[in-house]
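Chemist: here are the coordinates; sequence isn't available:
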């Protein structure tokens, strides 16, 4: 990286920190006034303090941990300023609701008249790199809410199209929780990981609301990486995909996990959609989404960001988009899990782009329950380790 580019990036970080609050105030998306809050007015900290500023990372620890200023007498003190590490615990009142009520509330927010059919602005390479360097990557794995922390925006996947779906799981599934036999209802957000002006990297976030407990989340990207066909539905998507080499070189993802290319699935299988806890979760090593061909996008190299979103928004209700497969362990063969079918229209949404969050589970949490897997993992950017998540978390964060 040239010296000039480094200077530009650091300048963008400084500018971004100074303008973040004003930008968020301009684009603040409020939930329905009668709905249950999705986030607190002010975040809290590991010592139980209430923040008096937005949470964010700083250069002192390499932008690894989010912190905020607090009132005097609470938290820690440096140079006379009281502060503490931020925590993003789930919203109890929202979580206690039935899964169908949660889906209705979030879908109402996604399709509210002032945000539906609108999208956030895509980010260029300087914006992406500067934000990655200037934010904590741990927050994506330690935010237990269904919306982003106050003041935070998406670094990648800044634009998407949102659909409700149902997942019909095969009767002989041996998996538990969300993946046990039957029909589950979920929310999918699809789009390119980066602006089409940079590259095309099809990806999606998956969310299943569960009654009385936190939601189940995971993400998937085109298994072959960025590039290739410009048809979003050409190829397989997986929860095991290395980020682009340029982003790996920044060494930021390693702050959050020793195996950042993978996201775990054990939490998905730990509770049913009705909120029943599973005593011995049975979860797969990998999940694969194979497009059925029922809906295709023209393979046009000159397609813009807006055109991609318009194409995805045309997916009809009751489209059998994907056949879903799982791989039980690193050396196992793929087995059919079920089929994913849209159950609503698919829409662009400012709420989905600027507020909706999909928690990434550290794969180390899966390895901790299946330590025999680690010796069979051979994947670029992944040092398979069986260790508690606390090894990569900020002090006091859970």
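Modeler: Received, thanks. Bear in mind the structure is a predicted one, so any value in this text is a computation, not a measurement.

Chemist: gap between the residue lying closest to residue 121 once chain neighbours are set aside and residue 170?
Modeler: Excluding the flanking residues, the one nearest residue 121 by CB to CB, 6 or more residues apart in numbering is residue 158, at 7.3 Å. Every residue, glycine included, has its C-beta placed from N, CA and C. Distance, residue 158 to residue 170, using CB to CB, to the nearest Å: 35 Å.

Chemist: got the confidence number for the residue nearest in space to the middle of the chain?
Modeler: Closest to where the C-alpha atoms of the chain average out (CA atoms, centre = their mean) is residue 358, at 3.2 Å. Listed pLDDT for residue 358 reads 97.

Chemist: what about it, which SS state?
Modeler: Three-state assignment for residue 358 (DSSP: H, G, I helix; E, B strand; the rest coil): coil.

Chemist: so who does it touch?
Modeler: 189, 205-207, 217-219 (CB atoms under 8 Å, 6 or more residues apart in numbering).

Chemist: and residue 349, by the same measure?
Modeler: 110-111, 115-119, 162, 356.

Chemist: once you drop chain neighbours, what's closest to it?
Modeler: Distances taken as CB to CB, 6+ apart put residue 110 closest to residue 349, at 4.5 Å, once the chain neighbours are dropped.

Chemist: if we can go back for a sec, which among the contacts of residue 349 end up buried?
Modeler: Buried members of the contacts of residue 349, scored by 16 or more other CB atoms under 10 Å, are 110-111, 115-116, 119, 162, 356.

Chemist: of these, which pair is most distant in space?
Modeler: 111 and 119 (13.8 Å; CB to CB).

Chemist: show me where this structure has its helices.
Modeler: Assigned by DSSP state H, the helices in the chain fall at 3-27, 92-95, 99-110, 125-134, 139-142, 245-248, 305-312, 350-354, 363-369.

Chemist: could you tell me the least trusted of those helices?
Modeler: helix 3-27 has the lowest average pLDDT among the helices of the chain, namely a mean of 36.

Chemist: now the top strand by length along the chain: mean pLDDT?
Modeler: What stands out as the longest strand in the chain, according to DSSP state E, is strand 182-192. Averaging pLDDT along strand 182-192 yields 98.

Chemist: what's the answer for stretch 323-338, then?
Modeler: For stretch 323-338, the per-residue pLDDT averages 98.

Chemist: that stretch: which residues count as buried?
Modeler: 323-328, 330, 337-338.

Chemist: and these as TSV, adding distance to residue 280?
Modeler: Shown next, in TSV, are these (distance: CB to CB, whole Å):
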residue	distance to residue 280
323	28
324	23
325	23
326	17
327	20
328	15
330	20
337	19
338	22
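
Chemist: what is the nearest of the residues you listed to residue 265?
Modeler: For the buried residues of stretch 323-338, with residue 265 as the reference and CB to CB as the criterion, the closest is residue 326, at 8.3 Å.

Chemist: distance check, the closest one against residue 287.
Modeler: Counting by CB to CB, the gap between residue 326 and residue 287 amounts to 5 Å.

Chemist: anything in contact with each of these two?
Modeler: residue 337.

Chemist: nearest to residue 154 among the contacts of residue 349?
Modeler: Among the contacts of residue 349, and counting by CB to CB, the member closest to residue 154 is residue 356, at 9.0 Å.

Chemist: give the contact list for the closest one.
Modeler: Residue 356 makes contact with 106, 110, 146-148, 162, 189, 205, 349, according to CB under 8 Å, 6+ apart.

Chemist: repeat for residue 220
Modeler: Residue 220 makes contact with 203-204, 206, 237-239, 241, 287, 289, according to CB under 8 Å, 6+ apart.

Chemist: quick revisit: most widely separated two among the contacts of residue 349?
Modeler: 117 and 356 (15.7 Å).

Chemist: residue 338 touches residue 168, doesn't it?
Modeler: Yes - the pair residue 338 / residue 168 is scored as a contact, 5.0 Å apart, by CB atoms under 8 Å.

Chemist: show me whatever sits in contact with both of these two.
Modeler: Residues touching both residue 338 and residue 168 (CB under 8 Å, 6+ apart): there are none.

Chemist: and the closest residue to the residue nearest to the centre of the chain other than its chain neighbours, how close does it get to residue 140?
Modeler: Once flanking residues are discounted, residue 358 sits nearest to residue 205: 3.6 Å by CB to CB, 6+ apart. Distance, residue 205 to residue 140, by CB to CB: 11 Å.

Chemist: gap between residue 256 and residue 63?
Modeler: Taking CB to CB as the measure, residue 256 falls 12 Å from residue 63.

Chemist: on that earlier part again, what's the residue nearest to the centre of the chain sitting at in phi/psi?
Modeler: phi -120, psi 110 (degrees, to the nearest 10).

Chemist: tell me how far residue 199 lies from residue 278.
Modeler: 39 Å.

Chemist: in strands, which of the contacts of residue 358 fall?
Modeler: Mapping those onto strands (DSSP E) picks out 189, 205-207, 217-219.

Chemist: of all these, which two lie farthest apart?
Modeler: The largest separation in the ones in strands among the contacts of residue 358, counting by CB to CB, is between 189 and 218 at 11.9 Å.

Chemist: looking at these two, which has the bigger crowd around it?
Modeler: residue 189 (24 against 21; other CB atoms under 10 Å).

Chemist: and stretch 223-233, what's its mean pLDDT?
Modeler: The average pLDDT within stretch 223-233 is 93.

Chemist: ugh, typo on my part, it should be stretch 260-277
Modeler: Rounded mean pLDDT across stretch 260-277 is 97.

Chemist: one step back: contacts only, for the residue nearest to residue 121.
Modeler: Neighbour list for residue 158: 120-123, 195, 353 [criterion: CB under 8 Å, 6+ apart].
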